[in-house]
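Visitor: Mind folding the following:
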Amino acid sequence: MTAIRVAGLRKSYGDQRVLDGVDLDVATGTIHALLGPNGAGKTTMVRILSTLIPADAGTASVGGFDVAAEDARVRELIGVTGQFSAVDGLLTGRENLLLMADLHHLPRKAGRAKAEALLKRFDLGEAAGKVAAQYSGGMKRRLDLAMTLVGEPRVIFLDEPTTGLDPRSRREVWDVIRELVAGGVTVFLTTQYLEEADQLAGRISVLDKGVIVAEGTADELKRLVPGGHVRLGFADAAGLAHAAAHFPGGVRDDEALTLLVEGDGGVGSLRELLDELAAAGIAAERLSVHGPDLDDVFLALTAREGAAR
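Guide: Got it, this is the predicted structure:
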């Protein structure tokens, strides 16, 4: 079954086209990641699907309901956790959950029972009486997710939910997300963290400049970048430019001052590469060998897309 279906979705702000004919299907009870850099259109996609803003063209449905024509029905099905916490720092953890219960018009007894159950589920029982301003980043995120679950949504939109968290807190949130899906919830996750998409998502869509440039499982996407790769690092932009001119098929990252070139990591091929670098007068500051990962996939896809536009 399909939880989210998008066809030909378009959205512009003035002359800037943010979404440019996006097609997307998300299966029920799965985690689907929308991967892309800042400004790629991820948050705009979530805002349209959660009925916060209208699309300019195309169609979108959640749980079989059209987000434009049946927005009230969609809102009954969904929960949304944005990049920035909706937790009220002046209220305790318990009070935040009770407030959400009131907003969902739950009877007082049912609301209290729901709040206590969620505090226990998200390991917040001992901190329930403390004001949320005293919570760590990971605790606030867990409380944020708990508040999202008060209405028992069947589809949850998580818009970069671990932004700003330390690695330990990020993994705590990952565990919570996995538990939600194990309970039958569908999660649509936007992220710019490649590891996050790799760890959590059953399927990944790569969004660049408002267009889905690739989609598949993590392994399927990694196979888009054949063989192993050697990453060359340079001290300055001039060194990178010299190398990029010599290896026109390489994937260049100007911000990181690196160039990915094909290589299987074998001793023989590495020796040949080093000899070639020396003969061309290319001074690489560092070199690393690895198989393709989502970093490689994303850099390759966005580089190709950028060159084509």
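Visitor: Now stretch 18-34: buried residues?
Guide: Neighbour counts over stretch 18-34 (16 or more other C-beta atoms under 10 Å) mark 18-19, 22, 24, 26, 29, 31-34 as buried. Just so you know, the C-beta spots here come from the backbone N, C-alpha and C atoms, and that holds for glycine as well.
Visitor: make that stretch 159-170, sorry
Guide: 159-162, 165, 169-170.
Visitor: mind checking how far that stretch is from the chain centre?
Guide: Taking C-alpha atoms, centre = their mean, to the nearest Å, the mean C-alpha location of stretch 159-170 is offset from the chain mean by 11 Å.
Visitor: next one: stretch 209-217
Guide: On C-alpha atoms, centre = their mean, the centre of stretch 209-217 falls 12 Å from that of its chain.
Visitor: Make 780 the starting number, not 1.
Guide: Will do, 780 is the new start, and the previous item becomes stretch 988-996.
Visitor: pLDDT on that stretch, on average?
Guide: Averaged over stretch 988-996, pLDDT sits at 91.
Visitor: try stretch 896-904
Guide: 91.
Visitor: hmm, who's touching the helix or strand harbouring Ala925?
Guide: For Ala925, the host element (DSSP states H and E) is helix 916-928. For helix 916-928, contacts defined as C-beta atoms under 8 Å, 6 or more residues apart in numbering pick out 858-860, 864-866, 872, 875-876, 879, 897-898, 900-903, 906, 911, 914, 935, 940-941, 943-945, 947-949, 951-952, 955-956, 959.
Visitor: So what are the sheet partners of the helix or strand that it is followed by and their directions?
Guide: Heading C-terminal from helix 916-928, the first helix or strand you meet, by DSSP H and E, is strand 934-938. Paired with strand 934-938 in the same sheet, following DSSP bridges, are strand 857-860 (parallel), strand 965-970 (parallel).
Visitor: mind checking which of those is nearest Ala1017?
Guide: strand 965-970 (33.8 Å; C-beta to C-beta).
Visitor: just to revisit the earlier point, tell me which two in the buried residues of stretch 938-949 are the farthest apart.
Guide: Asp938 and Ser948 (17.1 Å).
Visitor: one step back: quick one: which of the buried residues of stretch 797-813 is nearest to Gly837?
Guide: Of all the buried residues of stretch 797-813, Gly837 sits closest to Val801, with 7.3 Å by C-beta to C-beta.
Visitor: Check whether the closest one sits in a helix, strand or coil.
Guide: Here Val801 is strand, with the state taken from DSSP: H, G, I helix; E, B strand; the rest coil.
Visitor: hang on, the earlier thing: what's the angle from the helix holding Ala925 to strand 934-938?
Guide: In terms of direction (axes from the mean of the first three to the mean of the last three C-alpha atoms, to 10 degrees), helix 916-928 departs from strand 934-938 by 150 degrees.
Visitor: Report the rounded mean pLDDT for helix 916-928.
Guide: 89.
Visitor: Repeat that for stretch 847-855.
Guide: 95.
Visitor: buried sites along it?
Guide: 849-850, 853-854.
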